[in-house]
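**Q** Requesting a structural model of the entry that follows:
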Amino acid sequence: MKKVGGTLFIITLLSIVIFLDWYVYQGIKAILPADYLTLGKTTYWILTGAIAVWLGFTFYTIMQEGKISPSSQQSLNLFLVILVTQLTVIVFLFGEDLIRVIGTVYSYATGATNENGSLMASRRKFISQIAFAVAAIPMTGFIYGIIKGKYDFRTIKKTLYFKDLPEAFDGFTITQLSDIHAGSFKDYAAVKKGADMAAAQQSDLFVFTGDLVNHKADEIDPMIDIFSQIKAPYGQFSILGNHDYGDYTSWPSPEAKAQNLQSLKGKHKMMGFDLLLDENRIIEKDGQRISLLGVENWGLGFQSKGDLEKSLVDVPDDAFKVLLSHDPTHWDEQVKNHPKNIHLTLSGHTHGMQIGIETPFIRWSPAQYRYTNWAGIAEQAGKYLYVNRGFGFHAFAGRVGIWPEITVIELKKG
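**A** I've put the predicted structure just below:
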C-alpha cells in the first residue's frame, strides 16, 4: 500500500510539473522571435522533460531510502528555485488570461466587436516580459538563500518582564539555540561562526531546544568541539526534538535504533550539555532560585513522549519556571493553561519553514498555515512562549527571509 501511495504521489507531482511547464511556455512563446520559435520550443521541452524525469527519480530515491541524501537535497533545492520562478510567471499570465476571458464574455454578452482582435486573441508580449523580469527577483532570493542565506546567522534579543521574578535574576540572560540539524551541514567553518556568535553573548545560561541531528547520532561528531565551546556560568542545558529519536530513517533492528538514541544522549554530555528528559534543575543565584524544566518531544502530529507533569515533580507551585519544550504546539495544548504557572517556554521546531517575509509591516511564512506560533514571542495571561527560528536547516538546504537564529532572552522584574 505504501509503495502504491508513493507511486501515485510521484505521478501527481509530475502531472502538476508538466502543467506548470506548459503554462510557462505560453509566456516564452510570446517573447521568442518567430525565427527562433522552433528551436526555442525544442530546447525548452527537452530541458523540462529531463528535469521531470530527474525529479521523479529524486522522489523515488527519497522514498526508497527513507531519508533525504545530500544529492537529493541539492535536487530539491533546484526544484524549489524552478518552482518559485514558474509560479511567479504564472501569476502574471493567469491574470492576463482572466482579463481576456472576462473581455470575451463581455463582448458576446453585449454583441460588441473587438476592433483590436489580436489583443484578445494572442498573449501580449510586454506582459510576458514583465512576468519573467519580476520572477527573477524571487529566483535570485532563493539562489542567495541556498548559497549564503543558510549561514546568515542573526542574533535576536528580547527582554521579558515578570512581576514575580526573583530579585537576584533581574537582568538574567539566556542564550537559546535550536534545531541544529547537524546532518545538513557541510561548511563547518560557517557553523563555527554561528557557534562563536552564541558564545560571544556571554549569557548567564545556555539552552538548546532539540533536533541536534536529522537521523543519526554520528552526524554531530564533526561539530562536537565547535558546540562544546559554548559555556555559561549557570550551565548548558538541552532537550530532544522529534528528529533526535531516529524515526525518519530505516534501522536494521529496534536495538540499533535504541543504541543510536543512547549514543545521541552521550553526544549531549560530550558537548557539556545537561540533557533534561522530563526533568528539572534548580538554578540558584545569590540565594534565590528559579526552576528550569525540560521535556522530551511533545507535539501535535509528531511523537509525543514528553511528560510535563513528571518535569514538575518537586517544583514548588510558586517557583519561577522556565520550560524547554521543542514543539510550540505543546505550549498551545498543555502549557499555557496549566494550573501551575509556567512563566516562560522556549521552543523551536518550525524553522519558520525557512522561507518567508519578516518586516515591520509584513510578517508571512508558510509555517503560519501549520502553526499558530511559528516564530518569535507569544503571550497569554503573563505566560510567554518564544519560538526560535532554528540554527540549521532541513530538506530545503537554504533560508529565504527567515534567517538562522541565535536568541538572547533577558529576564527583567517589572
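**Q** Can you find the helix or strand in the chain with the smallest mean pLDDT?
**A** helix 117-121 (a mean of 42; mean pLDDT, DSSP states H and E).
**Q** ranges for the helices of the stretch 201-350 of the chain?
**A** With DSSP state H, counting those that start in this stretch as the criterion, the stretch 201-350 of the chain has helices at 224-227, 254-270, 308-311, 329-330.
**Q** that older thread, please save the CA atoms from the helix or strand following the least confident helix or strand of the chain in PDB.
**A** Following helix 117-121 in sequence order, the next helix or strand is helix 125-147 (DSSP states H and E). Presented in PDB, the C-alpha positions along helix 125-147 are these (Å, rounded to 0.1, in the frame of the first residue of the first chain):
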ATOM      1  CA  LYS A 125       4.500  40.300 -25.300                       C
ATOM      2  CA  PHE A 126       5.000  43.000 -22.700                       C
ATOM      3  CA  ILE A 127       3.000  41.100 -20.100                       C
ATOM      4  CA  SER A 128       5.300  38.100 -20.500                       C
ATOM      5  CA  GLN A 129       8.400  40.300 -20.400                       C
ATOM      6  CA  ILE A 130       7.200  41.800 -17.100                       C
ATOM      7  CA  ALA A 131       6.400  38.300 -15.700                       C
ATOM      8  CA  PHE A 132       9.900  37.000 -16.400                       C
ATOM      9  CA  ALA A 133      11.500  40.200 -15.100                       C
ATOM     10  CA  VAL A 134       9.600  40.100 -11.800                       C
ATOM     11  CA  ALA A 135      10.200  36.300 -11.500                       C
ATOM     12  CA  ALA A 136      14.000  37.000 -11.500                       C
ATOM     13  CA  ILE A 137      13.600  38.600  -8.000                       C
ATOM     14  CA  PRO A 138      12.400  35.500  -6.000                       C
ATOM     15  CA  MET A 139      14.700  33.300  -8.100                       C
ATOM     16  CA  THR A 140      17.700  35.400  -7.100                       C
ATOM     17  CA  GLY A 141      16.500  35.300  -3.500                       C
ATOM     18  CA  PHE A 142      16.300  31.600  -3.400                       C
ATOM     19  CA  ILE A 143      19.700  31.200  -5.000                       C
ATOM     20  CA  TYR A 144      21.100  33.500  -2.300                       C
ATOM     21  CA  GLY A 145      19.300  31.600   0.400                       C
ATOM     22  CA  ILE A 146      20.900  28.300  -0.800                       C
ATOM     23  CA  ILE A 147      24.400  29.700  -1.200                       C
END
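**Q** Okay, buried residues for helix 125-147 please.
**A** Residues of helix 125-147 classed as buried: 127-128, 131-132, 135, 138-139, 141-143, 145-146 (neighbour count, 16 or more other Cβ atoms under 10 Å). The way it works is simple: take the backbone N, C-alpha and C, and place the C-beta from them, glycine included.
**Q** which of those lies closest to W374?
**A** G145 (17.7 Å; Cβ to Cβ).
**Q** Give me the pLDDT value at the closest one.
**A** The per-residue pLDDT reported for G145 equals 95.
**Q** Please apply the same query to A112.
**A** At A112, pLDDT is 60.
**Q** what do you get for I230?
**A** Per-residue confidence (pLDDT) for I230: 98.
**Q** tell me the contacts of it?
**A** Residues in contact with I230, defined by Cβ atoms under 8 Å, 6 or more residues apart in numbering, are 175, 177, 195, 198-199, 206, 236, 272.
**Q** out of those residues, who's nearest T12?
**A** L177 (37.7 Å).
**Q** Pretty sure that closest one sits against F208.
**A** Yes. If you go by Cβ atoms under 8 Å, L177 and F208 touch, sitting 5.1 Å apart.
**Q** between those two, which one's more packed in?
**A** Using other Cβ atoms under 10 Å as the criterion, L177 and F208 rank with F208 on top: 32 against 27.
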